[in-house]
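Novice: here is the input, now give the coordinates:
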Amino acid sequence: MFKVSKYRHTVGKVDKRELWYPDVNTSGNSSASTFVKANSKWVALNWQSNTGTIGLIPLKSFGKRKGETFLVHAHSSGVTDFEFNPFNEHQLITASDDSTIKVWNINEAIRSGATSLSTPSIVCSGHSKSIECIVFNPTANNILASCSTDKTLKIWDLSSGEEKYSWNFEQGSLTSLSWNYDGSLLVATGKDLKNRIIDPRTGESIQIGDGNQGVKPSRVVWLGNLNNFLTTGFSKMRERQLVLWSSQDLSKPIKSITLDSSTGVISPIYDQDAQLLFISGGGDSSVRVFDMNTQFTKDPAFTELSQVPSDTPSKGICALPKRALDVMEVEIDRILKATPNNIIPITFNMSRKSKSTFADDLFPNTSSTKPSLSSEQWLSGENKEPILVSLNPSDNQIDNDLDDLQLNDSEPIKKSTFFVDDNTQDNNNNGTVVVEEKQQKVGEDEEKEEENKSSSTSSPNIVSSQPSTPPTINDNIQRTGVVPKVVRSSKYRHIAGAAHQKSQFYTNLKINGSASNTCIAVNSEYVAVPMIGIGGPLAVIPLADKGRQVYVPCIEIGSQLCDYDLSQHNTSLVATGSEDSHVKVFKIPVGGISKPTANKSNNYTTTEVDFIGHNRKVISVNFHPTAENVLISSGGDMVVKLWDLNEGGAGEKLSFANVHTDMITSVDVNWTGDKILTSSKDKKMRIFDPRTNKGGLISETLTHTGSKGGKAVWLGQTGNIFTVGFNKSSEREYQLWDSRNLQSDTPLTSDKLDHLSGVITPFYDEDTGVVYLAGKGDSSIRMFEINDQEPYVHYLTQFSAGSPQIGVAKFAKKTSMDVKKCEIARFYRATDSTIEPLSMTVPRNRQEYFQDDIYPDTRQTCTPVMNSEEWFDGCIREPEFVSMKPSDMTNLSDAPPPPKKEDKFVVTQEIDNTPSRDQVTNSLLSRVSNQNATSNWEQIEKLKHNFTDYDNGDISDSEWD
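Specialist: Just a heads-up that it's a prediction; the model follows:
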């Protein structure tokens, strides 16, 4: 029999974006050990500010929010740690570099109508230096432990704010604390690299032993009601490790696991009910899960179950209490992951055949909000285990009463405007939230709320049309299942990205990801990537030569390669820009670059044209998308030049100088080919008409404020512009602009993406209205649909790969798409050693028909609209459009309706009821037996009747003598 944990099939998944908490501003304080905390009512975030600030969001207020976030302006210095009171869910405790601990009553501030809080209820002063850690006693009310860099451990009674115990540790300050199950002991890690078991009421170190030996701080967590604890830290070799210890013997660890060589400090989160451990370090993109069950072993199993990857690095994680989970959906745990601008929920569920009954085997009784002891009882030496409650909704034993927080019954509630939640928006009230005014005690409200949950789960709150409604959230909103938000309909909502088979990859390459601004380019015949080597080698590989590249055909530039482009009109032309300020055009021989011989160099060096005109290195080169043999270049001299390839080395036709004040980061041409769009590191975007006599500049505007600059792309026939870049906080963001109204300096819409550092390149598909965002160093491609419905830019989905990408190129020839598989876009993705083709498809049922609703007539990109002479003479001509419909397919709009499902015919089976020989024999025997039984019974009844006659007096009494 296999001995395995019942939680082994727990699966973690990043929640859909509708359930995220977006538009937050996570602190970058390097001394902070905690960035996010949550209970069943609130999510608290270490907020980016000039002082120590905490941002508070109601737990049920996921999704887009309107209005301000409620802020607690807690300290004059950065917040290092903070905790919610486990026995009062509306009370927050903060600790800071300013050596103070402060108590904040959240509910009182909100009910008073405040949009922020800056006056604490209690201030605990006693430490002389920065506070490292605070942690609540799990059983005793208002008992808090804290440790500081002043090498002291202090025990506080928060009911009075008094310091009850203070113990010095001269060997080194403590860095992390954790209580045992009944709150009688503390385990601590310190800067002296020691682990300690401490009696907090006597200050005695019951056990001392060597801990993690790395120089960075370690973290510790006691494993519930076990005699074990776990530390996370670093080894002497600076490798991150997890170490399991017994509290009864600290001389040696029970087990140690080495993780990796990352530098982020790991935060351990332990679920004592399910015995699951969750870890994620600062900067990690994944959350890892370990099974610590002791069902079959004396010591915890300490085996890894799974991990939940994502693209966004973490600042910190926390877990929701069990009382906040959807147990009927078998939600085992929910982790909140704080990133620079989002709080991302990660849910861990288990599959069950039926979710109509409570899974009591997976959800044991959990800790309640009732303390087992008062602070006086604990200080006098008493110990008790936590009070447990059932998670079964039918038992209705979950008690969230707040004994300490009382409101005056007669005091009316004031209005507050700090927050409006889109998820509870009512269309008839102009976006105001529907909220019920509460005028009773918090404890009474909580009781009524729990009673109502058992009888109704969908009744809305009473509407208040006041624009300044207090931020009370309807707790009956169901987080799982149907999200309480209108889902926009789109044909491209479920785009599926998939890499081609590995046999279709181009492998055995040594790609240089830092040499060129363009890391990969593709046309209908070739794919090109810069290679590592001397002389700026550029590999130009025929698309047909898939697989391992034994010989890599290269062009040798002669100087360091800075940028390049492949012509879509004449597929054999390659334009390059280099460090020596030359713009060169090469023509690939028919059949590709020949293989090297004994008398011939490995690389191709023959140029068709060599343009000299820039005073500094060339930054970008681009073929004109509609005019043949027109080339656009920009240089470090901040000049844009246009060249005519038909005129050879003297082909410079136009030049725009003294316009840009910093390096140009992108160049794009509109769909008619008469306007040029540039973006620059001077944080401006400019539109030129290069063929006018007025200097060419039409309009300009300030876009992204980050130092890296951005990139801009025209959005086809719409006349709009999509830009990507960085803001002042180095967060990646996008903006949508109307090219006819740049003077307003205000985009149509904008939003933050993430906090990664890679420059994003946007690719727009004119046929579908989908923009693809691929960041350098990312492992994903994000997709957004742009249309005329607010907010105009709609997130669709993303394709994730297993390795980071150096660059991505979009295949421009739409007529080569596999319409029979509903392919709408194709990309080529470059990594360090491979080029991987990707296909984006739309799931459809009737793929035997041409899906004319997603395949409009497409622009003919491989055929020029005009020649260079016509274009430089000022000609404007719209591009030609062609159908993508194959001759052997029928339009879906002309297809007959799908056939109805055929009725199932029930075939009547004739059954031979003729009895067998054995059946006849058994029937006869049974009949004889029944007759004998009937005869015997008749004789018995007759005797009984005669006896009854005698008894009725037929025989006189004298005859008995």
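Novice: looks to me like S926 is in a helix.
Specialist: Yes. The assignment for S926 is a helix, going by DSSP: H, G, I helix; E, B strand; the rest coil.
Novice: can you check the pLDDT for it?
Specialist: Looking at S926, its pLDDT stands at 76.
Novice: then G67?
Specialist: According to the predicted model, the pLDDT of G67 comes to 77.
Novice: who are the contact partners of V215?
Specialist: With contacts defined as Cβ atoms under 8 Å, 6 or more residues apart in numbering, V215 is in contact with F234. Any C-beta I mention is one placed from the backbone N, CA and C, and that applies to glycine too.
Novice: next SSE downstream of the helix or strand where C124 lies?
Specialist: With elements taken from DSSP states H and E, the one containing C124 is strand 122-125. Past strand 122-125, further along toward the C-terminus, the next helix or strand under DSSP H and E is strand 131-136.
Novice: neighbouring contacts of that next one?
Specialist: When contacts are taken as Cβ under 8 Å, 6+ apart, the neighbours of strand 131-136 outside the stretch itself are 33, 80-83, 85-86, 93, 95-97, 99-101, 143-149, 173-179.
Novice: distance check, G769 against T746.
Specialist: G769 sits 22 Å away from T746 when distances are taken as Cβ to Cβ, to the nearest Å.
Novice: who has more neighbours, these two?
Specialist: It is G769, of G769 and T746, that has more neighbours when counted by other Cβ atoms under 10 Å, with 19 against 13.
Novice: does the more buried one touch F784 like I think?
Specialist: No. With contact defined as Cβ atoms under 8 Å, G769 does not count as touching F784 (9.4 Å).
Novice: ok, the strand holding C124: who's next to it in the sheet?
Specialist: Counting by DSSP bridges, the strands paired with strand 122-125 are strand 100-105 (antiparallel).
Novice: buried stuff in the strand it pairs with?
Specialist: The neighbour-count criterion (16 or more other Cβ atoms under 10 Å) identifies T100, I101, K102, V103, W104, N105 as the buried residues of strand 100-105.
Novice: same deal with stretch 744-764?
Specialist: Counting neighbours by 16+ other Cβ under 10 Å, one finds that the buried residues in stretch 744-764 are 747-748, 750-756, 758-764.
Novice: now swap in stretch 166-180 and tell me
Specialist: By neighbour count on 16+ other Cβ under 10 Å, the buried set for stretch 166-180 is W167, F169, S173, L174, T175, S176, L177, S178, W179, N180.
Novice: for L193, see how far away the fourth one is.
Specialist: Think L174. Remark: distance between L174 and L193 (Cβ to Cβ) = 12 Å.
Novice: need the distance between the two termini of stretch 265-279.
Specialist: Taking Cα to Cα, to the nearest Å, stretch 265-279 runs 10 Å from one end to the other.
Novice: that one: how far from the chain's middle?
Specialist: Centre-to-centre, stretch 265-279 and its host chain are 20 Å apart (Cα atoms, centre = their mean, to the nearest Å).
Novice: pLDDT of it, averaged?
Specialist: Per-residue confidence for stretch 265-279 averages out to 94 on the pLDDT scale.
Novice: now swap in stretch 227-247 and tell me
Specialist: Taken as a whole, stretch 227-247 has a mean pLDDT of 93.
Novice: do the same with stretch 900-916
Specialist: Here the average pLDDT along stretch 900-916 is 61.
Novice: can you check stretch 539-553 too?
Specialist: This predicted structure assigns stretch 539-553 an average pLDDT of 93.
Novice: and for T605, nearest residue in space, chain neighbours not counted?
Specialist: In space, T605 comes closest to E556 once its chain neighbours are excluded; the distance is 4.9 Å by Cβ to Cβ, 6 or more residues apart in numbering.
Novice: and if you look at I619?
Specialist: Counting by Cβ to Cβ, 6+ apart, the nearest residue to I619 once its immediate chain neighbours are dropped is S634, at 4.9 Å.
Novice: residue ranges of the helices in this protein, please?
Specialist: In the chain, the helices defined using DSSP state H lie at 106-111, 375-379, 442-455, 868-872, 917-949.
Novice: least reliable of the ones you listed by average pLDDT, please.
Specialist: Lowest mean pLDDT within the helices of the chain: helix 442-455, at a mean of 41.
Novice: give me the below-cutoff pLDDT ranges for this protein.
Specialist: Along the chain, the parts satisfying pLDDT under 70 run over 1-4, 396-488, 596-601, 693-695, 901-914, 930-961.
Novice: please parse this structure into its domains.
Specialist: As assigned by automatic domain parsing, the chain contains the domains 11-364, 496-872.
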